[in-house]
Every structure is written in structure tokens, then in C-alpha cells.
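In: The sequence and its predicted three-dimensional model are supplied below.
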Amino acid sequence: MVMTRSIKVIFAVLLAGVLALSCAKEEGALTPTKKKAAQETGEQDPPAEARLCRADCLGQKPMVIAYYTENSSAVPDPNYVTHINFAHGRFVNTKTGEGGIVIGKANTNTDNSSYINLLKKVLKLKETNPNLKVLLMIGGWGEAADGFSMMARSEKGREDFCKSVKDKLDTYGLDGVDIDWEYPGGGPSTNAKSDKDAKNFNILLKELRETLGDTKIISYASASNAKYCDFKGALLYLDYVNVMTYDMGEPPYHNSPLHKSSTFNQSGCDDAVEKHRQAGVPLNRQNLGVPFYGHGISPYKDDVKYNEMDAIFKSTTTYKDKNIRKWDDVAKVPYLVDTSGKILLGYDDEESVACKGRFAVEKNMLGVMVWEYRHDDANHSLIRSLVKSVYGKETVLTNL
């Protein structure tokens with residue numbers, strides 16, 4: 001009788017433990033209901049094995065990131081940005097990928113003094129906006145950005161790169177690095193590309209994170225089609241992805257349509273965001289790309305900066321009768337036509353960037369990013385409109 005009672009007690013204790021463990025697992029598990037809710041809100045925690053930048057070093061949210069290049073003169077207004085990606089960092093040797101990087105022109109051994117003077121002016125903006133984060137952007141489009149593929153496949157190349165990036169961040173007091181490899185396994189590189197680039201990229205990211213630690217940001221600029229990168233592996237080390245939702249078409253198509261328009265029959269920014277989500281990038285680790293330029297055909301240049309638009313609208317010669325503004329109310333972007341209705345220029349303006357900002361907020365994305373800051377007009381029309389759509393006021397400063 002005593003033995004039976006003891007067995008019952010032991011059985012009861014064991015059963016209670018199993019039930020408690022089961023409940024605990026269920027609470028922490030991403031059930032179908034929780035998974036659906038996470039997808040709808042855009043919020044998703046990184047996996048436990050991820051090694052990322054600490055939350056207190058990541059910067060202000062929602063993010064308003066501006067790419068700022070050495071071709072600029074005036075520094076960004078710190079009222080309008082939470083992060084600045086300073087460009088360009090280039091490879092010391094674009095052929096081998098070895099030797100690390102410089103802040104300046106490719107295939108040189110020392111940082112360019114004019115680049116550094118400009119960088120110091122940008123870093124000084126932290127006095128006005130203490131929450132501002134400044135990253136070094138490495139890479140870009142074209143031959144000057146070569147070097148990634150050769151570097152990533154070589155142990156020495158990766159070691160040189162990681163040490164060099166850390167040296168630049170430490171020397172100048174930068175907050176992180178934005179990798180603009182266009183693209184692993186693709187792009188215009190005349191040097192080299194490999195079907196192993198995506199795998200090697202993830203090896204590089206792992207080693208870069210080990211070198212930089214958890215106080216520096218690592219971000220990546222991704223093509224709108226979400227190709228070229230193994231995101232599920234990369235996001236163990238990447239903090240977030242800047243989705244380049246532009247250069248998606250030239251006339252008679254839009255440069256950066258927010259949604260697919262039946263008139264133009266092309267994918268939109270919303271489709272690019274969804275492709276990234278399906279590839280493994282949660283919405284709360286995506287920044288929506290916003291172009292401050294457009295694409296045109298004759299009589300317009302291929303690239304038309306927004307700060308050229310005022311002169312275009314006022315033109316009584318070259319662009320006369322070829323500067324009629326139209327609005328695509330599905331794609332949420334403007335375009336210019338001639339008197340026959342022929343589409344000559346697709347671009348973004350104050351109205352369209354505001355639509356993009358509201359979309360990012362409604363989707364619970366991490367924020368927005370701009371290519372590039374210097375293309376705005378003297379009144380900061382685009383960045384002010386974008387910031388207001390994200391923050392509800394024309395500043396990102398939290399003390400105003």
C-alpha cells in the first residue's frame with residue numbers, strides 16, 4: 001500500500017514536470033497563429049545563434065538612411081537623417097581583392113585626404129544629433145567597385161578586408177559598415193564572379209562580425225529582385241538589408257513604382273519587399289529604398305536628379321511641351337510626357353516619396369533609405385517630405 005502510494009506520487013510529479021515543459025515550449029514556439037501575426041506586423045526576432053550588433057548601438061528607429069558620396073559638397077542636415085552611409089570605400093587591389101580597403105579611389109594605398117576631410121565634417125554632425133550613426137559604404141556599381149569576389153574566396157583576402165575595415169572604423173570613429181557588393185555571382189564586374197560568391201559572402205560576414213564584435217553595424221545593399229544572396233545564412237551576421245527599390249525600369253516604365261500598375265505592367269517596390277521577406281529577410285530588418293532621381297529618354301538624360309526638375313518644368317526651349325506631369329495613382333509615382341502622351345521621364349517627387357514613407361511605416365519595416373542625398377533640391381523638399389511621412393513631423397530629432 002505504501003509502495004503504491006509512493007509510485008503514484010512519483011508519477012504525479014513526473015507528469016506535472018512534463019506538462020510544465022510542454023507549456024513552456026509552446027509559449028516560446030512560433031505557432032502558426034504567432035507566425036501569421038509576426039508576418040503581418042513585420043516583427044521577427046533573429047535566431048538564437050545570430051551574432052548581431054547590440055540594440056543600443058544599432059541607432060534610432062524608424063531609420064532614415066541617406067547615402068552620401070564624395071561627389072557631395074554640402075553636408076546632410078542632421079534634422080533629417082538617423083544614419084548616413086558615407087561613400088566610397090574601395091579595394092586597394094581590385095584584381096586580387098587583397099590589401100584591404102581605402103577611403104578614396106580604388107587601387108590606391110592611402111586614404112584620400114579630401115574624402116577624409118568631408119567624412120570629418122559628416123561625423124561632426126553628431127554634435128547636433130547625438131543619435132546619428134555614420135557608416136562606411138564599401139563597393140557600388142561598376143569597375144571601381146571590383147574586388148569582392150576575389151577577396152571573399154581567399155582566406156588572406158578576407159583577413160585583409162576584415163582587419164582593414166576595423167582599422168577604418170576605429171581610426172575615424174565610424175559606427176559600422178555597409179556592404180554594397182553588386183552582386184555576389186552577378187553584376188557588371190569585369191574581374192571575376194563565381195557561383196560560390198554567395199557562400200563565400202556568408203563566410204566573409206561571419207569573419208567580419210567576429211572582427212568587429214557586437215558594437216558595430218553591418219548592413220547590405222540588396223537588388224530589388226532579392227537574388228544573389230543566401231539571406232538565411234547572411235542574416236546571422238547582417239543587422240539589416242537596404243533594399244534598392246529603384247532602377248526597376250526606364251521609359252516607358254517607372255524607375256521606382258510603389259505598386260504594380262496595369263498601365264505599365266511592371267513589378268513594384270511592394271513586390272521587392274515581399275520577395276525579400278520570402279527569401280528570409282523579415283520586414284523589421286528591411287529598409288525601403290527611395291530614389292532622389294529618375295530615368296529618362298531623349299531629350300532627357302538617362303539619369304535625371306530631382307534638383308534638376310525645377311529647371312525642367314520652367315523650360316521654354318529644350319523641354320517645352322515635353323514636360324507635362326502625369327500621376328500614376330496605382331504605382332504612386334509621377335512621370336513626364338510630351339503632347340502626344342509619349343512617356344519620356346519617370347522619377348520621384350514630394351508626393352511619391354511620402355507614399356513610400358507611409359508604406360514603410362504601415363508595413364512595420366525598419367525604415368527607409370535614400371540614394372542619394374545630394375540629388376535633393378536646395379529646399380530639401382524630398383527628404384523633408386519623406387521624414388514627415390515616417391515621423392509625422394519634418395525632423396527625426398526626438399527632443400523637438
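Out: Structure received. Residues are numbered from 1 along each chain as shown.
In: neighbours around E49, how many?
Out: Neighbour count for E49, taken as other CB atoms under 10 Å: 6. No exception for glycine: its C-beta is placed from N, CA and C like everyone else's.
In: Retrieve the pLDDT associated with the closest residue to R384 other than its chain neighbours.
Out: When the adjacent residues along the chain are set aside, R384 lies closest to E394, with 4.9 Å between them (CB to CB, 6 or more residues apart in numbering). On the pLDDT scale, E394 is placed at 96.
In: Tell me if E394 really is in a helix.
Out: No - counting by DSSP: H, G, I helix; E, B strand; the rest coil, E394 is not part of a helix but coil.
In: Buried residues, stretch 63-79. List them.
Out: Neighbour-count burial for stretch 63-79 flags 63-69, 72, 76-79 (criterion: 16 or more other CB atoms under 10 Å).
In: what distance separates it from the centre of its chain?
Out: The chain centre lies 15 Å from the centre of stretch 63-79; the measure is CA atoms, centre = their mean, to the nearest Å.
In: all strands of the stretch 51-200 of the chain, in order?
Out: Assigned strands in the stretch 51-200 of the chain, in chain order: 63-69, 83-91, 101-103, 133-140, 176-181 (criterion: DSSP state E, counting those that start in this stretch).
In: and of those, who's closest to Y347?
Out: For Y347, the closest of the strands of the stretch 51-200 of the chain is strand 63-69, at 17.5 Å, according to CB to CB.
In: Pick the most buried one from the strands of the stretch 51-200 of the chain.
Out: strand 83-91 (a mean of 27; mean count of other CB atoms under 10 Å).
In: Kindly calculate the angle that it makes with strand 133-140.
Out: With axes from the mean of the first three to the mean of the last three CA atoms, to 10 degrees defining the directions, strand 83-91 sits at 40 degrees from strand 133-140.
In: relative to strand 63-69, how tilted is strand 83-91?
Out: Using the same axes, to 10 degrees: strand 83-91 against strand 63-69 is 40 degrees.
In: Same list (the strands of the stretch 51-200 of the chain) but as TSV, adding mean pLDDT.
Out: Below are those laid out as TSV (pLDDT from 0 to 100):
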stretch	mean pLDDT
strand 63-69	98
strand 83-91	97
strand 101-103	97
strand 133-140	97
strand 176-181	97
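In: would you turn these into a markdown table with distance to Y220?
Out: Below are the strands of the stretch 51-200 of the chain laid out as a markdown table (distance: least, CB to CB, whole Å):
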| stretch | distance to Y220 |
| --- | --- |
| strand 63-69 | 12 |
| strand 83-91 | 11 |
| strand 101-103 | 16 |
| strand 133-140 | 10 |
| strand 176-181 | 5 |
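In: between those, which one is nearest to R153?
Out: strand 176-181 (12.7 Å).
In: which outside residues touch that closest one?
Out: By CB atoms under 8 Å, 6 or more residues apart in numbering, the surrounding residues in contact with strand 176-181 are 53, 85, 87, 89, 133, 135-140, 145, 148, 165, 169, 187, 201, 205, 208, 212, 216-221, 239, 242.
In: So which of the strands of the stretch 51-200 of the chain is nearest K314?
Out: For K314, the closest of those is strand 63-69, at 27.2 Å, according to CB to CB.
In: State the mean pLDDT of stretch 218-236.
Out: pLDDT averaged over stretch 218-236 gives 97.
In: where's that stretch relative to the chain centroid, distance-wise?
Out: Relative to its chain's centre, stretch 218-236 lies at 10 Å (CA atoms, centre = their mean).
In: again with stretch 329-345
Out: Distance, centroid of stretch 329-345 to centroid of chain: 28 Å (CA atoms, centre = their mean).
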